[in-house]
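*Asks:* okay, here's the prediction I keep looking at, along with the sequence it came from:
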There are 2 protein chains.
Amino acid sequence: MENRITKLFSIKYPIIQGGMVWCSGWRLASAVSNNGGLGLLGAGSMHPETLIEHIQKMKIATDKPWGINLPLLYSEIDKLVDIIIDNSVKIVFTSAGNPMKFTQKLKDAGIIVTHVIANSKFATKCEDAGVDAIVAEGFEAGGHNGREETTTLTLIPTIKKTTNLPLIAAGGIATGSAMLACMILGADGVQMGSRFAISNESSAHESFKQLVTELKEGDTMLSLKKLAPVRLIKNEFYNKVNDAENKGASIEDLKALLGKGRAKKGIFEGDMTEGELEIGQIASIINDIKPVNVIMKEIIFEYQQTKDSLINNNKFSF
Amino acid sequence: MENRITKLFSIKYPIIQGGMVWCSGWRLASAVSNNGGLGLLGAGSMHPETLIEHIQKMKIATDKPWGINLPLLYSEIDKLVDIIIDNSVKIVFTSAGNPMKFTQKLKDAGIIVTHVIANSKFATKCEDAGVDAIVAEGFEAGGHNGREETTTLTLIPTIKKTTNLPLIAAGGIATGSAMLACMILGADGVQMGSRFAISNESSAHESFKQLVTELKEGDTMLSLKKLAPVRLIKNEFYNKVNDAENKGASIEDLKALLGKGRAKKGIFEGDMTEGELEIGQIASIINDIKPVNVIMKEIIFEYQQTKDSLINNNKFSF
């Protein structure tokens, strides 16, 4: 496949593994890259020294292209940017912030920069900042999320009308059919989070992976909207937040309720009751924990099969 | 095109025009049917005598298949069901309620019954009730909406795993590309609301149509969640509800705030400030008011063009 995303990153398949806190360390990211996609380290849950360790392990684990996801709201962000440049990382996905902030500095160091957005206003900002590609992430995505609540199906054509930058669709994509559907809507590639979070190579706790395989639709919900919207599994912690929100809780109330370290507690340490459990809506069709090479093969196979059926099946033809 | 939906309704294109309050009278529904889709009268905003009038006008305006959308929470529902049967209507789409309630009675009268759902639990109920087809409607849809907030991209494959009933995708679909994307996800056809609400033949007020053509993403939001979730344009009425909700308003507070007749006031009478303005998220890419025959031609053309590009473009091929 030759398109703007495979060429930009020099990868075989336009499948990006989303950088996810407490899930995507070097084991997951290198497995995705070794199987023809683009693996991303999730720097959002890494101390500077942990990031250095994962970069070093990545370089041993794969000779294929890979990158780092960098949430711009991270407290030690300047330190992480320097580490990335000093260690000659080639690809960075920035998120949760203004693309004007670091794009030029990263590009001056020869790094390919992609920025994650959830609305067309930021698509224009990305153009101004000079980023190389955009991830447009819909409401159904896990973890932190846009305030407009625009779904992937609506977001992709809207962004497409705003900018001609290479476009990666994210949110609600876990299969080859969904990948093809998003490319039909105008994306050049896809980013998948939840599917890879629930792989053998993900560093998430086994209890978290197991719980996700059992979720039905409606079992995740966008929460903490007054603070920073985040999609969570409806566990006891979520219920507490929801009760507080229904009673009109303030930003301060919610900050106090959230406290610190809840995502680690849940996703990494396996506290399914009090943890902040971030996963996408599409978890409802993820029913098994599999190795990355099997996941990649299944996605490619289904993509190809769906595309062939489109050509040969009169169900689709006028 | 021969598939389960075109065959079930004896229509040329598997494009259903969603039944919408204050938009889809006989003018809109007959135009859609005359152009090869399936037009639906929206009975949710009709008194019994108005429904009779529209049925009679429909019979004169088209000799093609057409139907009626019937929200089951309607106060005079028994009267409407009798009118539908007495007037030999052939197709009914029920929504907003339990499919067990009227399916058998309608089917005994020789009527094809489709039910609108937003989760897989109701897909199973539809099977038990013996409906002929399902509309699965995602979070991005305008008007009344499911509590699980499942988006179309996530909902279609989830429903597909639950039931083998003929499946119509709804929510976020206004173009031929989106139609093809949803069929790739497993739908046999699509239902479009917003696109047809903003047509010349729609009975919505010109001020409403004009406002919708100017919306950007984020300009609609799911509202009144404690009452019955409904997607609305963010106007002054919405802001009042939102402020009340942020302060923890009760169901009774919200009922009082909503009052009666607000959808009519907004959509039909053109009060853009105090009206309840129901439209889908995909309004962000609807920028013009056009006749139904042009809308239908453009959808079909784009569907075909997108499908052809998929076959001939190496951007899509491994």
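*Replies:* Structure received. Numbers count the residues shown, from 1 in each chain, chains lettered A, B, ... in the order given.
*Asks:* and the longest helix seen in chain A, what's buried?
*Replies:* In chain A, with assignment by DSSP state H, the single longest helix is helix A:292-312. The neighbour-count check on helix A:292-312 (16 or more other CB atoms under 10 Å in any protein chain shown) flags A:292-293, A:295-296, A:299-300, A:302-303, A:306-307, A:310 as buried. (C-beta placed from N, C-alpha, C; glycine too.)
*Asks:* now swap in stretch A:144-159 and tell me
*Replies:* Within stretch A:144-159, the residues that count as buried by 16+ other CB under 10 Å are A:144-146, A:148-159.
*Asks:* off-centre distance for that stretch?
*Replies:* Its chain's C-alpha centre and that of stretch A:144-159 lie 14 Å apart, by CA atoms, centre = their mean, to the nearest Å.
*Asks:* likewise for stretch A:186-203?
*Replies:* What separates the centre of stretch A:186-203 from the centre of its chain is 7 Å, taken as CA atoms, centre = their mean.
*Asks:* cool, stretch A:299-318 as well?
*Replies:* Using CA atoms, centre = their mean, the offset of stretch A:299-318 from its chain centre is 27 Å.
*Asks:* how about residues contacting it?
*Replies:* A:13, A:15, A:175-177, A:179-180, A:192, A:195, B:1-3, B:13, B:180, B:183-184, B:188, B:300, B:303-304, B:307, B:310-311, B:316-318 (CB atoms under 8 Å, 6 or more residues apart in numbering or on different chains).
*Asks:* same check, this time on stretch A:244-260
*Replies:* Contacts for stretch A:244-260 (CB under 8 Å, 6+ apart): A:223-227, A:240-241, A:276, B:226, B:246-248.
*Asks:* what's the residue in the stretch 1-150 of chain A positioned nearest to chain B in contact with, if anything?
*Replies:* Residue of the stretch 1-150 of chain A nearest chain B, by CB to the nearest CB: A:Glu148 (3.1 Å). Taking CB under 8 Å, 6+ apart, we find A:Glu148 in contact with A:118-119, B:217-218.
*Asks:* using a markdown table, lay out the residues you listed together with distance to A:Lys57.
*Replies:* Output for those, formatted as a markdown table (distance: CB to CB, whole Å):
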| residue | distance to A:Lys57 |
| --- | --- |
| A:Ala118 | 31 |
| A:Asn119 | 36 |
| B:Glu217 | 40 |
| B:Gly218 | 40 |
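*Asks:* single out whichever of those residues has the smallest pLDDT.
*Replies:* Lowest in pLDDT among the contacts of A:Glu148 is B:Glu217, which has 91.
*Asks:* tell me the secondary structure at it.
*Replies:* Under the three-state scheme (DSSP: H, G, I helix; E, B strand; the rest coil), B:Glu217 adopts coil.
*Asks:* surely it meets A:Leu155?
*Replies:* Yes: applying CB atoms under 8 Å, one finds B:Glu217 in contact with A:Leu155, separated by 6.9 Å.
*Asks:* what residues are shared contacts of the two?
*Replies:* Common neighbours of B:Glu217 and A:Leu155 (CB under 8 Å, 6+ apart) are A:Asn119.
*Asks:* re the thing from before, buried only: go through the contacts of stretch A:299-318 for me.
*Replies:* Buried among the contacts of stretch A:299-318 by 16+ other CB under 10 Å: A:13, A:15, A:175-177, A:179-180, A:192, A:195, B:1, B:3, B:13, B:180, B:183-184, B:188, B:300, B:303, B:307, B:310, B:316.
*Asks:* show me the contacts of stretch A:299-318 that map onto helices.
*Replies:* A:176-177, A:179-180, A:195, B:180, B:183-184, B:300, B:303-304, B:307, B:310-311.
*Asks:* quick revisit: got a winner among the contacts of A:Glu148 for most neighbours?
*Replies:* Among those, the one with the most neighbours (other CB atoms under 10 Å in any protein chain shown) is A:Ala118, at 29 neighbours.
*Asks:* for the residue lying closest to that residue once chain neighbours are set aside, list the residues it contacts.
*Replies:* Spatial nearest neighbour of A:Ala118, excluding adjacent residues (CB to CB, 6 or more residues apart in numbering or on different chains): A:Gly146 at 2.6 Å. With contacts defined as CB under 8 Å, 6+ apart, the neighbours of A:Gly146 are A:117-119, A:137, A:139, A:229.
*Asks:* wait, what's in contact with A:His54?
*Replies:* Going by CB under 8 Å, 6+ apart, A:His54 touches A:25-26, A:41, A:46.
*Asks:* so which of these are also by chain B?
*Replies:* Filtering the contacts of A:His54 for proximity to chain B by CB under 8 Å from any CB of the partner chain leaves nothing.
*Asks:* identify the farthest-apart pair in those.
*Replies:* Greatest spacing in these, by CB to CB: A:Trp26 and A:Met46 (10.6 Å).
*Asks:* so where do the helices sit in chain A?
*Replies:* A:4-9, A:26-34, A:48-61, A:77-86, A:103-108, A:120-129, A:152-162, A:176-184, A:194-197, A:206-213, A:236-246, A:251-258, A:262-263, A:292-312.
*Asks:* using CSV, write out every CA atom in the first one.
*Replies:* This means helix A:4-9. Taking Å, rounded to 0.1, in the frame of the first residue of the first chain, the C-alpha atoms of helix A:4-9 are listed here in CSV:
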residue,chain,number,x,y,z
ARG,A,4,0.6,9.5,2.3
ILE,A,5,0.8,7.8,5.7
THR,A,6,2.8,4.7,4.7
LYS,A,7,5.2,7.0,2.8
LEU,A,8,5.5,9.6,5.6
PHE,A,9,6.5,7.0,8.2
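*Asks:* residues in contact with it?
*Replies:* Counting by CB under 8 Å, 6+ apart, A:11-14, A:38, A:65, A:67, A:91, A:112, A:132-133, A:166, A:168, A:188-189 sit against helix A:4-9.
*Asks:* narrow the residues you listed to those in strands?
*Replies:* A:67, A:91, A:112, A:133, A:168, A:189 (DSSP state E).
*Asks:* who wins for neighbours among those residues?
*Replies:* Counting neighbours by other CB under 10 Å, A:Ile168 leads those with 30 neighbours.
*Asks:* what's stretch A:279-288 in contact with?
*Replies:* A:140-143, A:171-175, A:178, A:193-195, A:197-198, A:212-213, A:215-217, A:219-220, A:231-233, B:150-151, B:153-154, B:157-158, B:161.
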